[in-house]
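1. sharing a model that was predicted from the sequence below.
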Amino acid sequence: MSFDPTRAAIRFGNGLSPTVTPPVSVADMMARVTGPDVAAAAHPIPHFDDMYPTQWDFRLAGGAVADAQTDAEREAAEEARREMRAAAGDLWALNTMRQLARDVTTEDGFRERLVRFWADHFTAPPTNGQWRYQVYPTIEQRIRPYIAGPFRDMLRAAVTNPMLIQFLSQSGSMGPNSPFGVRRGRGLNENMAREVLELHTLGVGGRYTQDDVRQFAELLTGLTYSARRGFQYDARRAEPGAETVLGRSYGGGEATLDQVLAALDDLALHPDTAHHLARKLAVHFIAPDPDPDLVGAMAAAYLAEGGQLAALYQAMLQHEAAWATPARRVKRPYGFVAASLRALAVPPDELTGYSYGDVARGVFRPLTAMGQTIHQPPGPDGWPEEDEAWITPQGMAGRITWAMQMPERLLDRLPDPRDFVFTALGPTPPEAVLFAANAAETVPDGIGLVLASSAFQRR
């Protein structure tokens with residue numbers, strides 16, 4: 001089977017839209033994903049380094065409450081802290097809707113899907129409510145700019161990401177023989193080293209040993225983060241001496257960040273990393289048991305082009321299995337909501353104009369009911385790929401409820417279900433869904449039946 005625009009929009013993008021033309025070829029898809037990021041420019045999200053309030057602002061606000069000398073001062077400080085928390089919550093909701101506006105309007109759905117994929121690959125769930133609103137700015141700064149370049153650049157950005165450092169307790173990892181380790185009596189934490197090797201680069205079956213994990217963890221000592229100063233490399237925390245990881249030696253002289261970056265660059269170009277990334281992408285986009293020839297072609301292209309992610313994508317999209325494989329993947333809840341809004345062509349100005357309460361009722365709580373509490377994956381390996389994790393009685397009830405109730409709350413006038421079935425599913429919808437759309441007693445029922453259908457749930 002050759003390239004198909006409908007499958008391109010649904011399998012590799014956010015779904016079909018009545019206002020956006022789907023890509024017409026693999027070359028078109030690649031030109032879009034490697035070209036200007038139009039959707040991000042239209043609906044900007046601030047970078048982590050540029051946002052307000054910061055972790056330090058929260059610390060100062062808490063300190064003002066603790067230092068208050070009178071009841072009046074304490075009440076004023078507590079009110080200022082409440083306002084700061086409210087501002088953070090509003091920013092979280094606004095950025096969620098900005099991202100949905102991108103998903104609804106973009107001509108480059110593949111880019112948006114890739115951003116979600118890589119953000120999940122390097123998942124760093126917020127450890128408290130003050131980190132929660134910083135997830136989107138982190139993705140904007142540490143993931144989005146790198147999705148079509150060398151993987152090493154994204155790996156560097158991710159490993160020095162304050163949220164990942166915080167999540168994996170890297171700031172508490174000190175070389176046992178470092179000045180800080182000796183003075184404070186604290187030692188090594190292997191969390192980040194293990195996750196980088198096992199999840200982010202070589203994969204669970206990669207050719208590394210426990211000794212590699214330990215020496216890599218010693219090499220990573222020095223990576224730290226503080227609310228006041230942000231990310232830092234602190235040589236006083238770094239384990240002295242050279243470390244050997246996968247047979248290569250790093251360091252030995254003055255401890256520097258460059259030694260860490262050199263190891264990450266080598267990991268990015270390891271054959272096990274190529275295979276791990278290729279298979280994970282193929283599983284996510286195409287099938288739970290992807291064609292081995294497809295995975296092999298992707299890994300070979302990645303290595304041949306020096307770890308370029310664009311080469312990995314192009315090899316996937318050019319392979320026959322990308323188009324011949326039937327729809328076997330289930331949209332995750334966020335993907336389902338984004339595809340629904342896109343099919344309905346909900347105006348972006350309305351999406352970004354909602355209050356925190358509106359977003360909570362229309363997005364946050366429904367996603368939780370569907371099984372995907374936003375920004376709270378179950379572990380460091382991100383959201384599960386298995387369809388069984390999403391097609392549960394509770395999850396399906398959440399999807400059906402959203403499909404039957406939310407569209408008429410979002411739009412003053414809904415499309416005709418007899419037309420919408422083609423808008424949402426393409427020129428050849430299943431007969432059962434076509435019949436349901438034509439036989440629905442009301443317009444909202446017809447729209448809901450299309451969105452709740454198994455055909456719309458799959459990609």
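-> Happy to help now that I have it.

2. residues in contact with D90?
-> 355-356 (Cβ atoms under 8 Å, 6 or more residues apart in numbering). Glycine gets a C-beta too; all of them are placed from N, C-alpha and C.

3. next SSE after the helix or strand harbouring it?
-> Using DSSP states H and E, D90 falls within helix 71-105. Using DSSP H and E, the helix or strand that follows helix 71-105 in sequence is helix 109-121.

4. buried sites along the helix or strand just after that following helix?
-> Downstream of helix 109-121, the next assigned helix or strand under DSSP H and E is helix 129-132. By neighbour count with 16 or more other Cβ atoms under 10 Å, helix 129-132 contains the buried residues 130-132.

5. just checking, what packs against helix 129-132?
-> helix 55-67, helix 71-105 (3 or more Cβ pairs under 8 Å, 6 or more residues apart in numbering; DSSP states H and E).

6. lowest-confidence helix or strand of the chain?
-> helix 129-132 (a mean of 84; mean pLDDT, DSSP states H and E).

7. now what about it, what contacts it?
-> In contact with helix 129-132 (Cβ under 8 Å, 6+ apart) are residues 55, 58, 85, 88, 92, 126, 163, 166, 375.

8. dump it to PDB, keeping only the CA atoms.
-> Taking C-alpha atoms only, helix 129-132 is exported to PDB below (Å, rounded to 0.1, in the frame of the first residue of the first chain):
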ATOM      1  CA  GLY A 129       1.800  21.200  42.400                       C
ATOM      2  CA  GLN A 130       4.400  24.000  42.000                       C
ATOM      3  CA  TRP A 131       6.100  21.900  39.200                       C
ATOM      4  CA  ARG A 132       2.900  21.000  37.400                       C
END
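
9. next helix or strand past it?
-> helix 135-142.

10. can you list the domains in the chain?
-> 5-125, 164-268, 333-457 (automatic domain parsing).

11. avg pLDDT for the shortest one?
-> This points to domain 164-268. Domain 164-268 shows a mean pLDDT of 95.

12. any idea how far apart the tips of that domain sit?
-> 18 Å (Cα to Cα, to the nearest Å).

13. same thing with stretch 129-137?
-> End to end - Cα to Cα - stretch 129-137 spans 15 Å.

14. just give me the residue right at the centre of the protein.
-> Centroid check for the chain by Cα atoms, centre = their mean gives A119 as the closest residue, at 2.7 Å.

15. please report how far that one lies from G129.
-> 19 Å (Cβ to Cβ, to the nearest Å).

16. where does F12 fall, phi/psi-wise?
-> phi -110, psi 0 (degrees, to the nearest 10).

17. actually E385, not the one I wrote
-> According to degrees, to the nearest 10, E385 has phi -90, psi -20.

18. touching, I10 and L16? I think so.
-> Yes: taking contacts as Cβ atoms under 8 Å, I10 lies within contact range of L16: 6.6 Å.

19. what do these two both touch?
-> G426.

20. so between these two, which is more surrounded?
-> For I10 versus L16, the count of surrounding residues by other Cβ atoms under 10 Å is larger for I10: 25 against 21.

21. so where's the protein shaky on pLDDT?
-> Applying pLDDT under 70 to the chain picks out residues 1.

22. show me where it has strands.
-> 223-226, 230-233, 242-245, 248-251 (DSSP state E).

23. related to what we said a few turns ago, tabulate the helices and strands packed on helix 129-132 (a markdown table), appending distance to D212.
-> As requested, the helices and strands packed on helix 129-132 are exported to a markdown table (distance: least, Cβ to Cβ, whole Å):
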| stretch | distance to D212 |
| --- | --- |
| helix 55-67 | 33 |
| helix 71-105 | 37 |
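
24. buried deepest among those, which one?
-> helix 71-105 (a mean of 18; mean count of other Cβ atoms under 10 Å).

25. next up, the contacts around the closest residue to V421 other than its chain neighbours.
-> Once flanking residues are discounted, V421 sits nearest to A437: 4.0 Å by Cβ to Cβ, 6 or more residues apart in numbering. The contact partners of A437, by Cβ under 8 Å, 6+ apart, come to 417-418, 420-421, 429, 446, 449-450.

26. I figured G89 was touching N95, is that so?
-> No: contact criterion Cβ under 8 Å: G89 and N95 do not qualify, at 11.0 Å.

27. residues that sit against both of the two, list them.
-> Joint contacts of G89 and N95 (Cβ under 8 Å, 6+ apart) are Y133.

28. what's the local residue count around Y354?
-> 19.

29. surely it is in contact with T96?
-> No: with contact defined as Cβ under 8 Å, Y354 does not reach T96; the gap is 9.4 Å.
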